[in-house]
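>>> I need the structure of the sequence given here:
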Amino acid sequence: MNTNDIKAIKQLLNTPKHIVIVPHKNPDGDAIGSTLGLYHFLKKYHHNIQVITPNDYPEFLKWVPGENTILKYDTQTEDCNKAIENADIIFTLDFNAFHRTGAMEPILESATAIKILIDHHQEPDDYATYIYSDVSMSSTCEMIYHFIDMLGSADNVDAEIATCLYLGIMTDTGSFRFPSTTSTTHRIVAELIDKGAKNTDIHNNVFDTNSYNRLQLLGCALSNLKALPELRTAYITLSQEELRRFDYKKGDTEGIVNYALSLENIIFAAIFIEDKQEGIIKISLRSKGNFSVNEFSRTHFNGGGHNNAAGGRSETSLKSTVEKFLSILPEYKDALNHE
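Reported below is the predicted structural model:
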């Protein structure tokens with residue numbers, strides 16, 4: 001984001017505004033952390049602010065400071081539409097194309113508010129007046145910290161803001177182990193701890209509160225794990241019946257794909273999850289090294305994301321989706337074996 005954009009945004013924020021902050025559908029830790037981190041920051045300047053998520057999110061994110069103020073579009077549509085129609089500014093965080101918000105897409109496209117995009121995913125759409133896009137960043141939460149700093153307000157980061165931003169950086173870096181974690185990331189994390197983020201508590205809230213059924217579902221997923229050593233690939237399937245059997249709740253499959261990626265000599269992992277309500281197979285892809293799951297997903301499964309973490313979808317059956325995946329893999333044999 002250039003100096004002129006920052007000056008213009010500072011001018012915009014000089015007087016109280018009606019502001020809406022929106023993350024992507026099925027928000028994760030980075031989406032919730034960045035939206036609420038920005039929410040707490042802007043509240044200091046007496047703006048009228050509403051965070052609107054396209055739909056609900058996992059229980060392990062419902063402790064975050066300010067979470068109780070969030071409106072959910074799928075169940076509070078009228079209130080959400082009113083807030084969007086009255087907004088002077090709309091921040092879109094952790095996504096860069098309106099279709100990533102599901103049913104919110106039409107009203108966001110037609111909204112007359114000034115739009116500000118802050119995101120670290122590849123190939124952003126050109127819908128915003130001000131765009132802060134940087135694919136090298138570990139997370140949108142790290143970008144929000146930089147954004148606050150560019151506004152000259154880093155000293156105003158308090159314990160609530162720090163907690164929110166730490167959450168998103170921690171989750172989107174895989175607890176600081178992904179390649180996008182830089183020395184700058186660690187310096188920001190240290191700053192956030194100094195500002196009041198209780199790192200142990202945040203980690204425990206996200207990772208160390210499992211239901212019995214969630215652990216049983218993990219066991220089921222691992223029993224479905226298949227490895228293809230000659231292609232350095234592993235994948236997991238979960239059917240709707242398996243989800244039902246273990247009383248699946250939103251967020252229960254979070255991180256399961258990483259177990260497949262942790263196998264020795266595996267650099268490409270996928271999980272295929274049947275969702276009969278939406279009529280799709282949800283796909284999460286992970287990789288190590290230079291193998292781009294973003295490119296793979298964009299080419300074959302209507303998705304995208306980052307080089308080492310991406311999502312996709314299929315509108316055929318679970319069986320045929322996996323068969324398609326297996327039929328495509330040999331095309332990538334050289335790339336997978338030269339990592």
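
>>> Would you map the strands across the chain?
Using DSSP state E, the strands of the chain run over 18-22, 48-53, 71-72, 89-93, 114-119, 130-133, 226-228, 233-238, 268-275, 280-287, 304-305, 309-314.

>>> least reliable of the ones you listed going by mean pLDDT?
Least confidently modelled of those is strand 304-305, at a mean of 86 by mean pLDDT.

>>> any idea how far that one is from the chain center?
11 Å (Cα atoms, centre = their mean, to the nearest Å).

>>> Contacts for it next, please.
With contacts defined as Cβ atoms under 8 Å, 6 or more residues apart in numbering, strand 304-305 is touched by 121-123, 285, 293-294, 297-298, 310-312. Just so you know, the C-beta spots here come from the backbone N, C-alpha and C atoms, and that holds for glycine as well.

>>> what do you get for stretch 179-187?
Residues contacting stretch 179-187 (Cβ under 8 Å, 6+ apart): 136-139, 142, 169, 172-173, 176, 306, 308.

>>> And the contacts of stretch 241-253?
Here stretch 241-253 has contacts from 26, 56-61, 211, 213-214, 216-217, 220-221, 224, 238, 271, 273-274, using Cβ under 8 Å, 6+ apart.

>>> Could you list the alpha-carbon positions for that stretch in CSV?
Taking Å, rounded to 0.1, in the frame of the first residue of the first chain, the C-alpha atoms of stretch 241-253 are listed here in CSV:
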residue,chain,number,x,y,z
GLU,A,241,-22.1,-40.6,6.8
GLU,A,242,-18.8,-40.6,8.7
LEU,A,243,-19.3,-37.0,9.7
ARG,A,244,-22.8,-37.8,10.9
ARG,A,245,-21.6,-40.8,12.9
PHE,A,246,-19.3,-38.7,14.9
ASP,A,247,-21.7,-35.7,15.4
TYR,A,248,-19.6,-33.4,13.2
LYS,A,249,-19.5,-29.7,14.2
LYS,A,250,-18.0,-26.9,12.2
GLY,A,251,-14.3,-26.8,12.6
ASP,A,252,-13.9,-30.5,13.6
THR,A,253,-11.9,-31.3,10.4
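
>>> residue furthest from the geometric center of the chain?
Here the chain reaches farthest from its C-alpha mean at E230, the gap being 31.4 Å by Cα atoms, centre = their mean.
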